[in-house]
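Trainee: What follows is a predicted protein model with its sequence.
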Amino acid sequence: MDTRLHASGINAYDVNAVRADFPILSRTVYGKPLVYLDNAASAQKPRSVIDAESHVYEQEYANVHRGLHYLSGAATDAFEATREAVKRFINAASIKEIVYTRGTTEAINLVAQSYGRTFLKEGDEIIVSVLEHHSNIVPWQLLAQEKGLVLKVAPIDDDGNFLLDEFEKLLSPRTRLVSITYMSNALGTIVPVKAVIERAHAVGAKVLLDAAQAITHMPVDVQALGCDFLAFSGHKLYGPTGIGILYGREALLEAMPPWQGGGEMIRTVSFSGTTFAELPAKFEAGTPAIAQTIALKAAIDYVTALGLDTIAAHERELLDYGVERLSHVPGLTIVGRARERASIISFAMDCAHPHDIGTIIDQAGVAVRAGHHCAQPLMERLQLPATARASFALYNTKAEIDVMAEALGKVVKLFGK
């Protein structure tokens with residue numbers, strides 16, 4: 001990773017140096033350079049992350065926390081170093097507040113099954129928003145059906161803006177939990193989560209933030225935000241699949257019962273009863289994703305070295321350029337123009353279904369997502385069956401946006417009247 005220095009002494013963002021850190025970006029697809037614009041689904045991995053995971057298997061693989069031998073000690077130290085890195089990255093108060101999960105989905109389900117089943121009762125209310133990914137809808141629907149809870153949905157306007165005043169009207173003395181996205185995976189809308197948290201706390205509700213998208217595009221400080229829970233996945237943060245994080249305030253996690261039982265989460269087991277391990281082990285049953293967890297630290301180190309503010313500025317340039325460039329494609333409509341948004345352009349074309357769009361531009365080496373983006377209620381609100389979605393990352397360039405725009409021109413020629 002490299003930077004160039006302006007005469008002013010300020011480091012410039014050298015996207016070509018960044019791209020050199022990602023081996024997959026040098027490959028071709030159908031004989032064309034890969035243009036990877038599906039980062040909201042999963043991001044590519046820098047060499048440092050790939051090497052970190054390989055190193056575990058080549059040099060220090062063993063099960064963690066359970067062995068007295070050298071390899072187990074080395075793996076355990078590296079495994080716990082990631083927890084400390086996550087704590088610093090999101091500014092948690094303690095490593096006890098950092099729970100390893102398989103991803104955002106499992107983290108949200110953990111809160112639903114442990115906190116929700118324990119502390120929510122019939123007639124209590126949960127609020128989500130129309131922007132949510134299915135992973136932040138279905139767990140609450142299941143819980144509501146089981147316990148007789150009321151699920152309310154905060155609305156958006158036609159541009160995709162979260163309507164804070166309308167959200168506030170949904171709050172009541174029965175509101176117990178607000179579970180809401182920080183940034184929409186389908187539109188890029190950034191929700192004013194600090195204001196949401198303040199208003200929810202005013203009626204005594206707890207707040208869970210789905211930060212799966214936000215974590216890669218902006219600094220996240222859980223203490224400054226004041227959230228009670230926060231979830232994100234490693235694979236969107238340029239890290240491996242199979243590892244995610246649940247942040248929870250220590251007092252809440254202490255009060256919550258274990259979600260899964262098994263090895264590692266116990267203190268003692270007998271047929272007369274079991275006692276449980278201290279945080280965070282109480283929520284980490286079984287053999288974890290050892291190599292993936294260790295490699296997550298390399299991903300955090302990578303984005304920290306670049307600087308999330310610097311990354312955000314680069315991605316903002318891409319977003320603005322992409323909006324301007326795609327606005328000139330005949331028959332193309334950009335879906336979602338929220339005042340605060342980041343790194344995602346969803347669009348539809350009057351001549352072709354999003355699936356056809358994705359298939360045609362794939363032949364030019366351009367990878368975008370086409371479909372409902374695991375946000376079917378949002379698509380219903382927008383009265384669309386699906387959209388095509390280009391999502392930008394720290395390694396994308398304006399030249400890649402030009403390639404996409406030119407490929408979309410071919411869609412117009414093929415399908416247009």
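Mentor: That came through fine.
Trainee: Please count neighbours and contacts with C-alpha atoms only from this point.
Mentor: Fine.
Trainee: which outside residues touch the one helix or strand residue 304 maps to?
Mentor: Take DSSP states H and E as the rule and residue 304 turns out to sit in helix 290-306. Outside of helix 290-306, the residues within contact range by CA atoms under 8 Å, 6 or more residues apart in numbering are 45-46, 48-50, 52-53, 56-57, 61, 63-64, 75, 78-79, 81-82, 85-86, 89, 234, 237-243.
Trainee: Show me the helices in the stretch 201-350 of the chain, by range?
Mentor: Ranges of helices in the stretch 201-350 of the chain, per DSSP state H, counting those that start in this stretch, are 222-225, 250-255, 290-306, 308-326.
Trainee: I'd like these written out as CSV, with mean neighbour count added.
Mentor: Output for the helices of the stretch 201-350 of the chain, formatted as CSV (neighbours: other CA atoms under 10 Å):
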stretch, mean neighbour count
helix 222-225, 15
helix 250-255, 16
helix 290-306, 22
helix 308-326, 18
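Trainee: phi, psi of the spatially closest residue to residue 175 that is not a sequence neighbour?
Mentor: Among residues not flanking residue 175 along the chain, residue 125 sits closest, at 4.5 Å (CA to CA, 6 or more residues apart in numbering). Dihedral angles of residue 125 (phi, psi; degrees, to the nearest 10) stand at phi -120, psi 140.
Trainee: follow-up on the earlier one: make a markdown table out of the helices of the stretch 201-350 of the chain and add distance to residue 108.
Mentor: Formatted as a markdown table, the helices of the stretch 201-350 of the chain follow (distance: least, CA to CA, whole Å):
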| stretch | distance to residue 108 |
| --- | --- |
| helix 222-225 | 16 |
| helix 250-255 | 13 |
| helix 290-306 | 18 |
| helix 308-326 | 25 |
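Trainee: any chance of these in JSON lines, with mean pLDDT too?
Mentor: Listed next are these as JSON lines, based on pLDDT from 0 to 100:
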{"stretch": "helix 222-225", "mean pLDDT": "98"}
{"stretch": "helix 250-255", "mean pLDDT": "98"}
{"stretch": "helix 290-306", "mean pLDDT": "98"}
{"stretch": "helix 308-326", "mean pLDDT": "98"}
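Trainee: what about the ones you listed, which gets the closest to residue 176?
Mentor: helix 250-255 (13.5 Å; CA to CA).
Trainee: Show me how far that closest one is from its chain's centre.
Mentor: 24 Å (CA atoms, centre = their mean, to the nearest Å).
Trainee: got the contact list for it?
Mentor: By CA under 8 Å, 6+ apart, helix 250-255 touches 94, 96, 97, 228, 279.
Trainee: and stretch 57-65, how far apart are its ends?
Mentor: 17 Å (CA to CA, to the nearest Å).
Trainee: rewinding a little: which one of the helices of the stretch 201-350 of the chain lies closest to residue 368?
Mentor: Here helix 308-326 is closest among those (CA to CA), at 13.4 Å.
Trainee: Pull out the CA atoms of that closest one and give them to me as CSV.
Mentor: The C-alpha coordinates for helix 308-326 follow below in CSV (Å, rounded to 0.1, in the frame of the first residue of the first chain):
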residue,chain,number,x,y,z
LEU,A,308,-11.9,5.4,6.6
ASP,A,309,-12.4,9.1,6.1
THR,A,310,-10.0,9.0,3.2
ILE,A,311,-11.8,5.9,1.8
ALA,A,312,-15.1,7.7,2.2
ALA,A,313,-13.9,10.7,0.2
HIS,A,314,-12.7,8.5,-2.6
GLU,A,315,-16.0,6.7,-2.7
ARG,A,316,-17.9,9.9,-2.7
GLU,A,317,-16.1,11.0,-5.8
LEU,A,318,-17.0,7.7,-7.4
LEU,A,319,-20.7,8.0,-6.4
ASP,A,320,-21.0,11.6,-7.7
TYR,A,321,-19.2,10.6,-11.0
GLY,A,322,-21.3,7.5,-11.4
VAL,A,323,-24.6,9.4,-10.9
GLU,A,324,-23.5,12.0,-13.5
ARG,A,325,-22.3,9.4,-16.0
LEU,A,326,-25.3,7.1,-15.7
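Trainee: got the angle for it vs helix 290-306?
Mentor: Per axes from the mean of the first three to the mean of the last three CA atoms, to 10 degrees, the angle that helix 308-326 makes with helix 290-306 is 80 degrees.
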